[in-house]
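Undergrad: Starting from these lines, generate the structure:
(chains A, B and C)
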Amino acid sequence: MNLARIQTPLGTFRAYFSAHGLARLEFPSARAASRNKTRRLPPSNSKTQAPDFQPAGLHVWQAVTAKALGAALSGHAPKAWPPLDWSGGTDFQRRVWVALRRIPPGQTRTYAQLAATLGQPRAARAVGGACGANPIPVLVPCHRVTAASGGLGGFSGGLAWKRRLLAIEGVNLRRARKLR
DNA sequence: ACTGGGTAAACAG
DNA sequence: CTGTTTACCCAGT
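TA: Residues are numbered from 1 along each chain as shown, chains lettered A, B, ... in the order given. As a prediction, the model looks like this:
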C-alpha cells in the first residue's frame, strides 16, 4: 500500500493506494483511534500486499484524490475521481458502495431506501453493515445514509464527522426528518 | 417513547 | 451448518 497524506482545512487525511487505485481513506487522527480501540476497519490483507509496486499514474491519482477530497469537503461533487480499488469488498458491499455514489451532495437516503434501490427492500440492516465497511468515506458518501427514524445511524469515523460532513453540505437533520 | 419480531449479510467455530 | 452480531424497520402498545 502506498500512503499519501492529504492536507485539508479539516486536518490531514491519509490515502492508501494499491496497484489498482485508491483503496482506503482515513480521517485525521484515525491512527490514534485505531491503535487504542481494536478497530478492524480495513480489509487489511496484510499478507497479500505486493512488496514494491509503483503504479504508473500514482502521482496523478494522488493529485486527483486530493482535489476530489477538497471538493467533497466543500460540499461539492468531485469533478474527477481516481480509480477506486474495491477488491476487498463482497459483491453485496460493492453494490451498496456504487449506489452510495449516486446520492448527490446535500441529499440523504435511509438505509431502507438504499436497500430498495438495490431491489432488496428488506436488506436495510445489511446495507448498514456495508456502509460501515466502506473503506473510502467522504468520497464514497456513506454519511448521507441515515436511519428512517430520523436518527443518524452510525459512522465508522465517529458520529461527529458524520454531523460535520452533513452540515457542510447544508443538510438540516431536523428538516430532513420532517420531510420524510 | 418503547418493545418485539422480522429481516439480510458477515463471521466465528 | 448453526449461532451471534449488526451503522435497521415497522406495527404494535
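Undergrad: Any buried residues in stretch A:154-163, and which?
TA: A:155, A:156, A:157, A:161, A:162 (16 or more other Cβ atoms under 10 Å). Where you see a C-beta, it was placed from the backbone N, CA and C, and this is true even at glycine.
Undergrad: Test my guess that the third one contacts residue A:136.
TA: No. The pair residue A:157 and residue A:136 does not pass the contact test of Cβ atoms under 8 Å, sitting 11.3 Å apart.
Undergrad: So if we follow the domain assignment, how does chain A break up?
TA: Annotated domains of chain A cover A:2-72, A:91-179 [automatic domain parsing].
Undergrad: quick one, strands of chain A?
TA: Listed in chain order, the strands of chain A (DSSP state E) span A:2-8, A:11-18, A:21-26, A:109-110, A:145-146.
Undergrad: Nearest to DNA strand B, out of those?
TA: DNA strand B sits nearest to strand A:109-110 of all the strands of chain A, at 12.6 Å, using Cβ to the nearest atom of the strand.
Undergrad: The closest one pairs with which strands?
TA: Here strand A:109-110 has these sheet partners by DSSP bridges: strand A:145-146 (parallel).
Undergrad: now the partner strand: mean pLDDT?
TA: Across strand A:145-146, pLDDT averages out at 95.
Undergrad: what distance separates that strand from the middle of the whole chain?
TA: Averaged C-alpha coordinates place strand A:145-146 at 13 Å from its chain's average position (Cα atoms, centre = their mean, to the nearest Å).
Undergrad: With mean neighbour count as extra columns, can I get the strands of chain A in a markdown table?
TA: Compiled in a markdown table, the strands of chain A are given as follows (neighbours: other Cβ atoms under 10 Å):
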| stretch | mean neighbour count |
| --- | --- |
| strand A:2-8 | 15 |
| strand A:11-18 | 18 |
| strand A:21-26 | 22 |
| strand A:109-110 | 20 |
| strand A:145-146 | 26 |
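Undergrad: pLDDT below threshold where in chain A?
TA: The model of chain A has pLDDT under 70 over residues A:30-53, A:175, A:177-180.
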